[in-house]
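Novice: quick check, what structure comes out for this input:
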Amino acid sequence: LPWRSEAALALCGQGRRDLAADYAREELALARAWGSAPALGRALRVAGLVTGSRALLEESSEVLALSPARLEQARTLVALGDSAAMVSRGRELAFRCGAGPLVEEATAKLRALGARPRPLTQTGADSLTPSEQRVAKLAGEGTTNREIAQTLFVTPKAVEVHLSNVYRKLGVTTRAELAAALG
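Specialist: Down below sits the predicted model:
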């Protein structure tokens, strides 16, 4: 568990920067030894925040860009972001992850930068949940709702709900359009 990073952030918030930096450096050394991109990215972000090192924040962004840790990447982009484009990207990732407080932080940061945050909506193929993606793929291939339900071990009603969400998110109304929208 990354308790040292959490302790470092809490100590930093209390103004105890020296002890916070010690914990952050220790967590960073452990993360580098461990080699996990999400752990390393998180440790780099915290160390960068605690010590004020932009280089560590930039390294965190580079590490996390290649990992599946989208929430950590969003946190880093918002922390690092001195440009509206970077903060907007972090805000969008935070929104997709359901991280409301981080979305609010990024929105406030965008306003402070003089930008007008655009409305966040969940549309497009990237906004589909894994379940919606499976249902959409099968429906796009011409599989009936009943067959999809049997294949995925869900009820036909669940398939209908997923398809309704898929149609709304992709802006389509028919299965023929669905296949094209999924690419």
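
Novice: element containing residue 29, please.
Specialist: Element membership for residue 29 (DSSP states H and E) is helix 17-34.

Novice: and the next helix or strand after that helix, what does it pack onto?
Specialist: Along the chain past helix 17-34, the next helix or strand (assigned with DSSP H and E) turns out to be helix 37-51. In terms of contact count using 3 or more C-beta pairs under 8 Å, 6 or more residues apart in numbering; DSSP states H and E, helix 37-51 is assigned the packing partners helix 3-13, helix 17-34, helix 54-65, helix 70-80. (Each C-beta comes from the backbone N, C-alpha and C, glycine too.)

Novice: list the buried ones in helix 37-51?
Specialist: Buried residues in helix 37-51, defined by neighbour count with 16 or more other C-beta atoms under 10 Å: 37-51.

Novice: next: stretch 105-114.
Specialist: In terms of neighbour count (16+ other C-beta under 10 Å), stretch 105-114 has its buried residues at 105, 106, 107, 109, 110.

Novice: from these, which land in helices?
Specialist: Secondary-structure check on those using DSSP state H: residues within helices are 105, 106, 107, 109, 110.

Novice: show residues contacting the least confident helix or strand in the chain by mean pLDDT.
Specialist: For the chain, the helix or strand with the lowest mean confidence is helix 175-182, at a mean of 86 (criterion: mean pLDDT, DSSP states H and E). By C-beta atoms under 8 Å, 6 or more residues apart in numbering, the residues outside helix 175-182 that reach it are 125, 136, 137, 139, 140, 141, 142, 166, 167, 170, 171, 172.

Novice: try stretch 32-43
Specialist: With C-beta under 8 Å, 6+ apart as the test, stretch 32-43 has contacts from 2, 5, 24, 27-28, 30-31, 60-61, 63-64, 66-69, 72-73, 75-76.

Novice: do stretch 6-20 as well
Specialist: Defining contact as C-beta under 8 Å, 6+ apart, one finds that stretch 6-20 is touched by 21, 23, 24, 27, 46, 47, 49, 50.

Novice: and the residues you listed, which is closest to residue 83?
Specialist: Top of the list for closeness to residue 83, among the contacts of stretch 6-20 and by C-beta to C-beta, is residue 49 at 17.7 Å.

Novice: thank you kindly, that will do.
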